[in-house]
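>>> predicted model and sequence below, questions to follow.
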Amino acid sequence: MTNPKLRKGRNRASLKEFLEEEIPTNEGGNLTPTDDSNVRSHKKHDSAFKIRFETLPLRDVRLNYKNKRLITQMVRFIPDEIIEAYEESSGLTMEDFIKTKVKDIPINKIIHQHHVASGKIKGSTRGGKQTFDSDIANYPCHDDLYDLKEEGIFIGKGVCFSNIKSSNDEVNNLIETFVEKVRLTGESLSITQELTEIPAVFKTGAMHTLAYGHQRYCYLVYSLGLNEPYYFILKTNNDKQDRTIYLENNTKSSEGGYEQLLSFYFAAKDTDGSSDEIMKTLSIKRSYFFKIKPFIDDFRLINVVKQYGIHQSLHHITEQYRIVKQALTALESSPSKDKILKDLRTR
(Lines give C-alpha, C1' and ligand atoms only; values in the text may rest on other atoms or scores of the structure.)
Protein backbone atom coordinates (compact mmCIF):
# COMPACT_ATOMS: atom_id res chain seq x y z
CA MET A 1 0.00 0.00 0.00
CA THR A 2 1.30 3.43 -0.83
CA ASN A 3 2.01 5.88 1.93
CA PRO A 4 -1.14 7.82 2.87
CA LYS A 5 -1.23 11.44 1.88
CA LEU A 6 -0.90 14.00 4.62
CA ARG A 7 -3.80 16.26 5.41
CA LYS A 8 -3.17 19.75 4.22
CA GLY A 9 -1.92 21.98 7.01
CA ARG A 10 -2.18 19.27 9.64
CA ASN A 11 0.92 17.20 8.87
CA ARG A 12 -0.80 13.86 9.37
CA ALA A 13 -2.53 11.16 7.38
CA SER A 14 -6.29 11.20 7.12
CA LEU A 15 -8.07 8.96 9.61
CA LYS A 16 -9.65 6.84 6.88
CA GLU A 17 -6.33 6.25 5.13
CA PHE A 18 -4.58 5.53 8.42
CA LEU A 19 -7.14 2.96 9.45
CA GLU A 20 -7.15 1.31 6.05
CA GLU A 21 -3.39 0.91 6.26
CA GLU A 22 -3.23 -0.20 9.90
CA ILE A 23 -6.21 -2.57 9.94
CA PRO A 24 -6.87 -4.35 6.65
CA THR A 25 -10.46 -5.48 6.16
CA ASN A 26 -12.00 -8.36 4.30
CA GLU A 27 -15.46 -8.96 2.97
CA GLY A 28 -16.62 -10.64 6.16
CA GLY A 29 -15.26 -7.85 8.32
CA ASN A 30 -13.29 -10.34 10.43
CA LEU A 31 -9.61 -11.00 10.91
CA THR A 32 -8.26 -14.52 10.62
CA PRO A 33 -5.46 -16.22 12.58
CA THR A 34 -3.04 -15.43 9.75
CA ASP A 35 -3.45 -11.70 10.43
CA ASP A 36 -1.18 -12.08 13.44
CA SER A 37 0.26 -8.57 13.45
CA ASN A 38 -3.24 -7.10 13.64
CA VAL A 39 -4.60 -9.49 16.25
CA ARG A 40 -1.71 -9.44 18.68
CA SER A 41 -2.76 -6.53 20.91
CA HIS A 42 -6.32 -7.81 21.30
CA LYS A 43 -5.77 -11.43 22.32
CA LYS A 44 -6.48 -10.86 25.99
CA HIS A 45 -10.00 -9.63 25.27
CA ASP A 46 -11.29 -11.51 22.22
CA SER A 47 -10.54 -14.73 20.45
CA ALA A 48 -7.70 -14.28 17.98
CA PHE A 49 -9.70 -16.38 15.54
CA LYS A 50 -12.49 -13.85 15.14
CA ILE A 51 -12.24 -10.16 15.89
CA ARG A 52 -14.86 -7.88 14.45
CA PHE A 53 -14.39 -4.15 13.96
CA GLU A 54 -16.92 -1.42 13.40
CA THR A 55 -16.37 2.18 12.33
CA LEU A 56 -18.45 4.58 14.42
CA PRO A 57 -18.68 8.35 14.83
CA LEU A 58 -17.40 9.07 18.33
CA ARG A 59 -20.67 10.87 19.15
CA ASP A 60 -22.51 7.54 18.75
CA VAL A 61 -20.46 5.82 21.46
CA ARG A 62 -21.45 6.32 25.06
CA LEU A 63 -19.69 5.74 28.35
CA ASN A 64 -20.57 2.66 30.39
CA TYR A 65 -22.12 3.23 33.82
CA LYS A 66 -20.43 0.02 34.94
CA ASN A 67 -17.02 1.65 34.63
CA LYS A 68 -15.79 2.27 38.19
CA ARG A 69 -13.57 5.32 37.60
CA LEU A 70 -14.85 8.47 39.32
CA ILE A 71 -13.62 10.52 36.38
CA THR A 72 -16.03 8.71 34.07
CA GLN A 73 -18.93 10.49 35.78
CA MET A 74 -17.29 13.93 35.63
CA VAL A 75 -16.55 14.13 31.91
CA ARG A 76 -18.70 16.37 29.69
CA PHE A 77 -18.04 16.20 25.95
CA ILE A 78 -18.10 19.45 23.97
CA PRO A 79 -20.03 19.29 20.67
CA ASP A 80 -17.85 20.06 17.65
CA GLU A 81 -20.23 22.87 16.67
CA ILE A 82 -19.38 24.83 19.81
CA ILE A 83 -15.64 24.53 19.23
CA GLU A 84 -16.04 25.50 15.56
CA ALA A 85 -17.93 28.64 16.62
CA TYR A 86 -14.86 29.98 18.46
CA GLU A 87 -13.19 33.03 16.92
CA GLU A 88 -9.75 34.19 18.02
CA SER A 89 -10.80 37.74 17.24
CA SER A 90 -13.21 37.59 20.19
CA GLY A 91 -10.28 38.22 22.53
CA LEU A 92 -11.16 35.12 24.57
CA THR A 93 -9.06 32.02 24.92
CA MET A 94 -10.72 28.80 23.77
CA GLU A 95 -11.13 27.73 27.41
CA ASP A 96 -12.78 31.01 28.39
CA PHE A 97 -15.06 30.78 25.34
CA ILE A 98 -16.13 27.25 26.30
CA LYS A 99 -16.92 28.45 29.82
CA THR A 100 -19.44 30.92 28.35
CA LYS A 101 -21.16 27.96 26.64
CA VAL A 102 -21.35 25.57 29.61
CA LYS A 103 -25.15 25.58 29.61
CA ASP A 104 -25.10 24.33 25.99
CA ILE A 105 -22.88 21.36 26.84
CA PRO A 106 -24.76 18.19 27.92
CA ILE A 107 -24.25 17.01 31.48
CA ASN A 108 -22.38 13.77 32.03
CA LYS A 109 -24.24 11.03 30.18
CA ILE A 110 -23.91 8.43 32.94
CA ILE A 111 -25.33 10.78 35.55
CA HIS A 112 -28.07 11.71 33.09
CA GLN A 113 -28.97 7.99 32.83
CA HIS A 114 -29.00 7.70 36.64
CA HIS A 115 -31.34 10.68 36.95
CA VAL A 116 -33.69 9.34 34.29
CA ALA A 117 -33.77 5.94 36.00
CA SER A 118 -34.49 7.51 39.40
CA GLY A 119 -37.16 9.82 38.01
CA LYS A 120 -35.26 13.04 38.76
CA ILE A 121 -35.54 14.05 35.12
CA LYS A 122 -37.67 12.86 32.24
CA GLY A 123 -35.83 10.84 29.64
CA SER A 124 -36.49 10.19 25.98
CA THR A 125 -38.83 7.36 25.07
CA ARG A 126 -39.11 4.89 22.21
CA GLY A 127 -42.34 2.97 21.73
CA GLY A 128 -43.67 4.32 25.02
CA LYS A 129 -40.75 2.92 27.02
CA GLN A 130 -38.02 4.85 28.81
CA THR A 131 -34.63 4.37 27.15
CA PHE A 132 -32.48 3.42 30.14
CA ASP A 133 -31.16 0.24 31.68
CA SER A 134 -32.93 -0.37 35.00
CA ASP A 135 -29.81 -2.16 36.26
CA ILE A 136 -28.11 1.24 36.57
CA ALA A 137 -29.83 1.71 39.93
CA ASN A 138 -27.52 -0.96 41.38
CA TYR A 139 -24.41 1.12 40.60
CA PRO A 140 -23.07 4.21 42.40
CA CYS A 141 -23.97 7.67 41.13
CA HIS A 142 -21.34 10.34 41.85
CA ASP A 143 -23.57 13.37 41.31
CA ASP A 144 -22.58 14.65 44.75
CA LEU A 145 -18.96 15.37 43.79
CA TYR A 146 -19.49 18.55 41.76
CA ASP A 147 -22.07 21.02 40.38
CA LEU A 148 -23.54 19.05 37.48
CA LYS A 149 -24.77 22.04 35.48
CA GLU A 150 -21.94 24.52 36.01
CA GLU A 151 -18.90 22.27 36.45
CA GLY A 152 -17.24 19.32 34.82
CA ILE A 153 -14.18 18.02 33.02
CA PHE A 154 -14.77 19.39 29.53
CA ILE A 155 -13.30 17.49 26.59
CA GLY A 156 -13.59 18.34 22.91
CA LYS A 157 -11.40 18.61 19.85
CA GLY A 158 -8.11 20.11 21.08
CA VAL A 159 -9.67 21.06 24.43
CA CYS A 160 -9.51 19.53 27.90
CA PHE A 161 -9.91 21.42 31.16
CA SER A 162 -11.76 21.22 34.45
CA ASN A 163 -13.58 23.92 36.40
CA ILE A 164 -14.52 21.61 39.27
CA LYS A 165 -13.68 23.16 42.63
CA SER A 166 -13.84 20.29 45.08
CA SER A 167 -13.26 20.63 48.82
CA ASN A 168 -11.67 17.18 48.61
CA ASP A 169 -7.98 17.48 47.69
CA GLU A 170 -7.92 13.85 46.59
CA VAL A 171 -10.61 14.57 43.99
CA ASN A 172 -8.72 17.67 42.79
CA ASN A 173 -5.50 15.68 42.41
CA LEU A 174 -7.36 12.95 40.53
CA ILE A 175 -8.82 15.50 38.11
CA GLU A 176 -5.52 17.33 37.58
CA THR A 177 -3.71 14.10 36.73
CA PHE A 178 -6.44 13.03 34.32
CA VAL A 179 -6.60 16.38 32.48
CA GLU A 180 -2.82 16.43 32.01
CA LYS A 181 -2.87 12.85 30.70
CA VAL A 182 -5.65 13.60 28.19
CA ARG A 183 -3.82 16.68 26.90
CA LEU A 184 -0.45 14.97 26.52
CA THR A 185 -1.73 11.72 25.04
CA GLY A 186 -4.35 13.50 22.94
CA GLU A 187 -1.70 15.74 21.38
CA SER A 188 0.48 12.72 20.65
CA LEU A 189 -2.48 10.89 19.15
CA SER A 190 -3.20 13.89 16.92
CA ILE A 191 0.21 13.28 15.33
CA THR A 192 0.55 9.49 15.38
CA GLN A 193 -3.13 8.42 15.37
CA GLU A 194 -1.95 5.24 17.07
CA LEU A 195 -3.57 3.75 20.15
CA THR A 196 -1.79 0.91 21.94
CA GLU A 197 -5.16 -0.83 22.20
CA ILE A 198 -8.38 -0.12 20.35
CA PRO A 199 -11.40 0.46 22.63
CA ALA A 200 -14.19 -2.12 22.52
CA VAL A 201 -17.93 -1.52 22.26
CA PHE A 202 -21.14 -3.50 22.24
CA LYS A 203 -24.40 -2.52 20.60
CA THR A 204 -27.18 -1.10 22.78
CA GLY A 205 -30.18 -0.14 20.68
CA ALA A 206 -29.33 2.68 18.28
CA MET A 207 -26.12 3.46 20.19
CA HIS A 208 -22.94 1.62 21.11
CA THR A 209 -21.60 1.44 24.66
CA LEU A 210 -17.95 1.15 25.63
CA ALA A 211 -17.00 -2.22 27.07
CA TYR A 212 -13.50 -1.00 27.93
CA GLY A 213 -11.17 1.80 26.90
CA HIS A 214 -12.93 4.81 28.44
CA GLN A 215 -9.78 6.87 28.91
CA ARG A 216 -8.62 5.99 25.40
CA TYR A 217 -11.99 7.18 24.13
CA CYS A 218 -11.34 10.54 25.81
CA TYR A 219 -7.99 10.74 23.99
CA LEU A 220 -9.80 10.15 20.71
CA VAL A 221 -12.37 12.89 21.38
CA TYR A 222 -9.54 15.31 22.21
CA SER A 223 -7.68 14.39 19.04
CA LEU A 224 -10.53 14.05 16.55
CA GLY A 225 -13.69 15.63 17.94
CA LEU A 226 -17.07 13.93 18.31
CA ASN A 227 -18.09 13.88 14.65
CA GLU A 228 -15.09 11.91 13.36
CA PRO A 229 -15.32 8.11 12.96
CA TYR A 230 -12.93 5.60 14.47
CA TYR A 231 -12.49 1.83 14.45
CA PHE A 232 -13.73 -0.02 17.54
CA ILE A 233 -13.58 -3.69 18.45
CA LEU A 234 -17.19 -4.90 18.35
CA LYS A 235 -17.97 -7.35 21.13
CA THR A 236 -20.91 -9.61 20.39
CA ASN A 237 -21.25 -10.73 24.00
CA ASN A 238 -21.83 -8.12 26.71
CA ASP A 239 -22.30 -10.59 29.57
CA LYS A 240 -20.08 -10.37 32.65
CA GLN A 241 -19.18 -6.73 31.96
CA ASP A 242 -18.10 -6.08 35.54
CA ARG A 243 -15.63 -8.93 35.39
CA THR A 244 -14.29 -7.72 32.02
CA ILE A 245 -13.87 -4.16 33.31
CA TYR A 246 -12.10 -5.45 36.43
CA LEU A 247 -9.65 -7.52 34.40
CA GLU A 248 -9.05 -4.53 32.09
CA ASN A 249 -8.37 -1.98 34.85
CA ASN A 250 -6.98 -4.03 37.73
CA THR A 251 -3.33 -3.39 36.89
CA LYS A 252 -3.69 0.39 36.53
CA SER A 253 -1.84 2.34 39.20
CA SER A 254 -4.05 5.37 38.52
CA GLU A 255 -7.02 3.72 40.22
CA GLY A 256 -7.55 4.74 43.84
CA GLY A 257 -8.50 2.32 46.58
CA TYR A 258 -12.18 3.30 46.38
CA GLU A 259 -12.31 2.60 42.65
CA GLN A 260 -10.49 -0.71 43.12
CA LEU A 261 -12.96 -1.76 45.81
CA LEU A 262 -15.87 -0.97 43.49
CA SER A 263 -14.23 -3.14 40.82
CA PHE A 264 -13.66 -5.99 43.27
CA TYR A 265 -17.21 -5.78 44.62
CA PHE A 266 -19.03 -5.84 41.29
CA ALA A 267 -16.65 -8.33 39.66
CA ALA A 268 -17.16 -10.69 42.60
CA LYS A 269 -20.95 -10.32 42.30
CA ASP A 270 -20.63 -10.93 38.56
CA THR A 271 -18.71 -14.14 39.22
CA ASP A 272 -21.45 -15.26 41.62
CA GLY A 273 -19.53 -18.13 43.12
CA SER A 274 -17.69 -19.30 46.21
CA SER A 275 -14.64 -17.50 47.57
CA ASP A 276 -12.39 -20.03 45.84
CA GLU A 277 -14.17 -19.49 42.52
CA ILE A 278 -13.86 -15.71 42.85
CA MET A 279 -10.15 -15.94 43.65
CA LYS A 280 -9.53 -18.21 40.68
CA THR A 281 -11.62 -16.21 38.20
CA LEU A 282 -10.22 -12.82 39.22
CA SER A 283 -6.66 -14.10 39.78
CA ILE A 284 -6.51 -12.89 43.39
CA LYS A 285 -4.16 -14.40 45.97
CA ARG A 286 -5.87 -15.87 49.03
CA SER A 287 -4.23 -13.48 51.53
CA TYR A 288 -5.16 -10.49 49.37
CA PHE A 289 -8.72 -11.70 48.86
CA PHE A 290 -9.47 -12.00 52.56
CA LYS A 291 -8.23 -8.46 53.14
CA ILE A 292 -10.87 -7.12 50.75
CA LYS A 293 -13.61 -9.68 51.49
CA PRO A 294 -15.25 -7.56 54.25
CA PHE A 295 -15.83 -4.84 51.64
CA ILE A 296 -17.30 -7.35 49.21
CA ASP A 297 -19.63 -8.60 51.95
CA ASP A 298 -20.77 -5.14 53.10
CA PHE A 299 -21.06 -2.36 50.51
CA ARG A 300 -21.56 0.20 53.30
CA LEU A 301 -17.84 -0.03 54.02
CA ILE A 302 -17.09 1.07 50.46
CA ASN A 303 -19.40 4.05 50.90
CA VAL A 304 -17.41 5.06 53.99
CA VAL A 305 -14.24 5.01 51.89
CA LYS A 306 -15.89 7.30 49.34
CA GLN A 307 -16.85 9.73 52.10
CA TYR A 308 -13.49 9.85 53.87
CA GLY A 309 -10.71 8.67 51.57
CA ILE A 310 -11.55 8.40 47.88
CA HIS A 311 -8.00 8.15 46.58
CA GLN A 312 -6.30 6.43 49.50
CA SER A 313 -4.42 3.30 48.54
CA LEU A 314 -6.13 -0.04 48.91
CA HIS A 315 -3.41 -1.12 51.34
CA HIS A 316 -4.12 1.89 53.59
CA ILE A 317 -7.88 1.23 53.51
CA THR A 318 -7.62 -2.46 54.36
CA GLU A 319 -5.07 -1.70 57.09
CA GLN A 320 -7.46 0.80 58.70
CA TYR A 321 -10.18 -1.84 58.67
CA ARG A 322 -7.83 -4.41 60.25
CA ILE A 323 -6.86 -2.00 63.05
CA VAL A 324 -10.49 -1.13 63.83
CA LYS A 325 -11.61 -4.75 63.90
CA GLN A 326 -8.61 -5.79 65.99
CA ALA A 327 -9.36 -3.09 68.58
CA LEU A 328 -13.03 -4.06 68.80
CA THR A 329 -12.20 -7.77 68.98
CA ALA A 330 -10.11 -7.04 72.09
CA LEU A 331 -13.32 -5.81 73.74
CA GLU A 332 -15.68 -8.47 72.42
CA SER A 333 -14.88 -11.68 70.60
CA SER A 334 -17.05 -11.06 67.55
CA PRO A 335 -17.89 -7.39 66.89
CA SER A 336 -20.88 -6.79 64.63
CA LYS A 337 -20.62 -5.25 61.17
CA ASP A 338 -22.48 -2.19 62.45
CA LYS A 339 -19.94 -1.57 65.22
CA ILE A 340 -17.01 -1.94 62.83
CA LEU A 341 -18.72 0.42 60.40
CA LYS A 342 -19.34 3.02 63.12
CA ASP A 343 -15.73 2.96 64.35
CA LEU A 344 -14.35 3.09 60.81
CA ARG A 345 -16.31 6.30 60.20
CA THR A 346 -14.60 7.99 63.15
CA ARG A 347 -11.03 7.23 62.11
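All right, it came through fine. Note that the structure is a prediction, hence the values are computed from the model and not measured.
>>> can you pull the pLDDT of the residue nearest to Phe299 when sequence neighbours are not counted?
Excluding the flanking residues, the one nearest Phe299 by C-beta to C-beta, 6 or more residues apart in numbering is Tyr265, at 6.4 Å. For every residue, glycine as well, the C-beta is placed using N, CA and C. With respect to pLDDT, Tyr265 has a value of 94.
>>> now swap in Asp46 and tell me
44.
>>> and Lys235, by the same measure?
89.
>>> what's the answer for Leu184, then?
With respect to pLDDT, Leu184 scores 96.
>>> quick check on Asp143: phi, psi?
phi -80, psi 0 (degrees, to the nearest 10).
>>> do the same with Pro229
Per degrees, to the nearest 10, the backbone of Pro229 is at phi -90, psi 160.
>>> make sure it is actually in contact with Leu58.
Yes - counting by C-beta atoms under 8 Å, Leu58 is a contact partner of Pro229 at 7.5 Å.
>>> between those two, which one's more packed in?
Leu58 (20 against 16; other C-beta atoms under 10 Å).
>>> distance of that one from Lys101?
Distance of Leu58 to Lys101, given as C-beta to C-beta, to the nearest Å: 19 Å.
>>> please, where are all the strands along this structure?
Using DSSP state E, the strands of the chain run over residues 30-31, 51-57, 61-62, 75-77, 125-126, 129-130, 153-156, 159-162, 200-204, 207-212, 229-234.
>>> to Met94, which of those lies closest?
Nearest to Met94 among the strands of the chain is strand 159-162; the distance by C-beta to C-beta comes to 5.9 Å.
>>> could you list the low-confidence segments of the stretch 151-300 of the chain?
Within the stretch 151-300 of the chain, the stretches with pLDDT under 70 are 250-254.
>>> let me see the ranges of the helices in the chain.
15-22, 36-39, 80-84, 94-99, 109-118, 169-192, 214-224, 241-249, 257-271, 275-282, 286-297, 299-308, 314-331, 337-345 (DSSP state H).
>>> tell me the contacts of Lys68?
Ile245, Asn249, Glu255, Glu259, Gln260, Leu262, Ser263, Phe266 (C-beta atoms under 8 Å, 6 or more residues apart in numbering).
>>> spatially, which residue comes closest to it, not counting chain neighbours?
Leu262 (4.0 Å).
>>> in this structure the one you found contacts Ile302, no?
Yes - assessed by C-beta under 8 Å, Leu262 is found in contact with Ile302 at 6.5 Å.
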